[in-house]
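Q: let's see this in three dimensions:
(one chain, ligands or ions: 1)
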Amino acid sequence: MQNSDIVVDHFGRATLSGPYPEALNEILSPAMAKAAYAEISSWPAYQPTPLRNLDALAKSLSVGAVYYKDESTRLGLGSFKALGGAYAVLRLAATQIEAKTGKKAPLSDIRAGQHSTALSELTVVTATDGNHGRSVAWGAQMAGCACRIYIHAGVSEGRKQAMEAFGATVIRISGDYDDSLKVCADEAKTNHWFIVSDTSYPGYMNLPRHVMAGYSVMATEILQQLEGKRPSHVFLQAGVGGLAAAICARFWHSMGNDKPRVIIVEPTRAACVLESARQDKPMTVEITEETIMAGLSCGEVSLLAWDILSQGASDFITIGEDGIGPAMRLLASGTAGGGEIIAGESAVPGLLGAIGMASRKDLRDRLDLGPDSTVLVFGCEGATDPAIYKAIIDAPSDRDDALMEPWHG
Ligand SMILES: Cc1ncc(COP(=O)(O)O)c(C=O)c1O
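A: Got it, this is the predicted structure:
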């Protein structure tokens, strides 16, 4: 595989120009993003994650800069998902206490255990590939409520155990992610449990907004870390699209019409956002083969995320499986610049998408990528399953150096 073969499919469309549309405030408003930042940045374990400058890679691609938001250390959970699920659990807990007592319950009181007796009767549930469940389990532990997590057949044992370590009961079902979502929804309905999902669907639209508000903290940090420098291109991997929508919205809030070009990257095996862009409506795709990018193995786009991305994202691309190992090893080696970086399987698709687009003249031109571009990618997770991470890092291939091949124009 050549770098120019990384991008398997590209679909481009116009975005809405002008400021962030009023109508999208109902999904993720500047006030919601601000509230999430105020709360999350007050958590004792909070620290902004590093924005790494992959200067050697930028040079070889002949672009101005490539920045990598490194989520491998986020809140001790190892992925950006720590920002969303846990925050949504606290918001849900506050709503329940308010409904019970008639008084507002600040999230800091919930975290301090002031309502733990009442909250011990609350059960939160979710379906997950691993990282979201870890965040929900952690949030439930913070709030003092019970937690049940539904995982599908393909979720690794290591990821299951990480959720159990936060006190969650983990239920493995046969089938894929979308099947686990259905079982979770059915059991929640029967037992009056509360779903804390990172995806939205008909009849379930409230909490995923707060999950996305939590994710938007990454963009708030980046705006501070870039010190006024404007990213021109943002490559965002998508599962259900929540992460991508949150970042797209937060940059749109703060930069208006100068928002960066948003490029969505998905595995060819689970490209529901690309299919939605093609059909111009939210779509479901069938997953016939699991992708190694476990966090992106979603066949159904989040409706709320689609509302934002359909207006704010311009390009939708897919990548195959072959570049994941080489990209993880490239970052681990430190040769791309920015030091040695621990990046999991779902952390590198954005980076691979950027390399693939910048390595093909036609795609480079279509995206207006060049020496003036400031490219931003998201390293969404570290070694969230250490055994899988080690197996991939310990198996170098001839392809590894190819990702740093200079662009010759
Ligand atoms: C590490 C990682 N990256 C990216 C994603 C995709 O996020 P979203 O489903 O919000 O698009 C996930 C989702 O689980 C993930 O765990």
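Q: Tyr150 belongs to a strand, doesn't it?
A: Yes - assignment of Tyr150 by DSSP: H, G, I helix; E, B strand; the rest coil places it within a strand.
Q: burial measure for it, as a count.
A: The local packing of Tyr150 (other CB atoms under 10 Å) involves 25 other residues. For glycine as for every other residue, the C-beta is placed from the backbone atoms N, C-alpha and C.
Q: run through the bridge partners of it.
A: Ala127, Ile171 (DSSP bridges).
Q: those residues of the stretch 151-300 of the chain touching the ligand, which are they?
A: Contact residues of the stretch 151-300 of the chain with respect to the ligand, defined by CB under 6 Å from any ligand atom, are listed as Asp198, Gln237, Ala238, Gly239, Val240, Gly241, Gly242, Leu243, Ala244, Gly295, Leu296, Cys298.
Q: in the residues you listed, which residue is surrounded by the most others?
A: Gly241 (34 neighbours).
Q: can you tell me which residues contact it?
A: Applying CB atoms under 8 Å, 6 or more residues apart in numbering, one finds that Gly241 lies in contact with Ile264, Cys272, Val273, Val301, Ser302, Ala305, Trp306, Leu309.
Q: show me which of those residues are buried.
A: With neighbours counted using 16 or more other CB atoms under 10 Å, those contain these buried positions: Ile264, Cys272, Val273, Val301, Ser302, Ala305, Trp306, Leu309.
Q: and the strand or helix carrying the last one, how far out from the chain's middle?
A: Going back to what we said before, that points to Leu309. When elements are assigned from DSSP states H and E, Leu309 belongs to helix 303-312. Taking the mean C-alpha point of helix 303-312 and that of its whole chain, the gap between them comes to 15 Å (CA atoms, centre = their mean, to the nearest Å).
Q: just send the buried ones among the contacts of Gly241 back as CSV, with pLDDT too.
A: Listed next are these as CSV, based on pLDDT from 0 to 100:
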residue, pLDDT
Ile264, 98
Cys272, 98
Val273, 98
Val301, 97
Ser302, 97
Ala305, 98
Trp306, 98
Leu309, 98
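Q: of all the residues you listed, which two lie farthest apart?
A: Ile264 and Ser302 (12.6 Å; CB to CB).
Q: this structure: strands as residue ranges?
A: Assignment of strands within the chain using DSSP state E yields the ranges 7-12, 51-53, 65-70, 123-128, 146-151, 169-172, 194-195, 233-237, 261-267, 315-319, 374-379.
Q: to Arg399, which of the ones you listed lies closest?
A: Comparing the strands of the chain against Arg399 with CB to CB, the closest turns out to be strand 315-319 (13.7 Å).
Q: report all helices and strands that that closest one contacts.
A: Applying 3 or more CB pairs under 8 Å, 6 or more residues apart in numbering; DSSP states H and E, one finds that strand 315-319 makes contact with strand 7-12, strand 261-267, helix 272-279, helix 349-358.
Q: quick one: buried residues of that strand?
A: Buried positions in strand 315-319, judged by neighbour count with 16+ other CB under 10 Å: Asp315, Phe316, Ile317, Thr318, Ile319.
Q: which non-adjacent residue is nearest Pro19?
A: Using CB to CB, 6 or more residues apart in numbering and skipping the chain neighbours, the partner closest in space to Pro19 is Gly256 (4.5 Å).
Q: burial count for that neighbour?
A: Summarising burial for Gly256: neighbours were counted as other CB under 10 Å, giving 12.
Q: do the same with the one 10 residues further on
A: Look at Glu266: counted by other CB under 10 Å, it has 32 neighbours.
Q: quick one: contacts for it?
A: Remark: with contacts taken as CB under 8 Å, 6+ apart, Glu266 is in contact with Gln237, Ala238, Cys272, Val273, Leu274, Leu296, Phe316, Ile317, Thr318, Ile319, Pro349.
Q: which of those sits closest to Thr123?
A: Relative to Thr123, the closest of the contacts of Glu266 is Leu296; by CB to CB it sits at 28.2 Å.
Q: the closest one against Ala271, yeah?
A: No - no contact is recorded between Leu296 and Ala271 when judged using CB atoms under 8 Å, the distance being 9.3 Å.
Q: max-length helix in this structure?
A: Within the chain, and with DSSP state H defining each element, the longest helix by residue count is helix 85-101.
Q: who are the packing partners of it?
A: By contact count (3+ CB pairs under 8 Å, 6+ apart), the secondary structure elements abutting helix 85-101 are helix 30-40, helix 107-111, helix 116-119, strand 123-128, helix 131-143, helix 207-215.
Q: just the helices and strands packed on strand 315-319: most buried one?
A: When neighbours are counted by mean count of other CB atoms under 10 Å, the highest per-stretch mean among these falls to helix 349-358, a mean of 29.
Q: residues in contact with the nearest residue to Tyr67 once chain neighbours are set aside?
A: For Tyr67, ignoring the flanking residues on the chain, the nearest one in space by CB to CB, 6+ apart is Leu376 at 5.0 Å. Leu376 is in contact with Val66, Tyr67, Lys69, Ile222, Pro231, His233, Val234, Phe235, Pro260, counting by CB under 8 Å, 6+ apart.
Q: from those residues, which is closest to Asp178?
A: Using CB to CB, Phe235 is the member of the contacts of Leu376 that lies nearest Asp178, at 25.2 Å.
Q: that closest one and Val348 touch, don't they?
A: No - contact between Phe235 and Val348 fails when scored by CB under 8 Å: they sit 10.5 Å apart.
Q: comparing these two, which residue is more hemmed in?
A: Val348 (32 against 28).
Q: find the nearest non-adjacent residue to that one, please.
A: Taking CB to CB, 6+ apart as the measure, Val348 lies nearest to Ala327, with 3.9 Å between them; neighbours along the chain are not counted.
Q: state the pLDDT value of the one you found.
A: Taken from the predicted model, the pLDDT recorded for Ala327 is 97.
Q: likewise Gly130?
A: According to the model, Gly130 carries a pLDDT of 87.
Q: which residue is the nearest non-sequential neighbour of it?
A: Excluding the flanking residues, the one nearest Gly130 by CB to CB, 6+ apart is Arg159, at 3.4 Å.
Q: my guess is the one you found contacts Asp385. True?
A: Yes - at 5.3 Å, Arg159 counts as touching Asp385 under the criterion of CB under 8 Å.
Q: please enumerate the shared neighbours of the two.
A: Overlap between the neighbourhoods of Arg159 and Asp385 consists of Gly130, taking contacts as CB under 8 Å, 6+ apart.
Q: much appreciated, bye for now.
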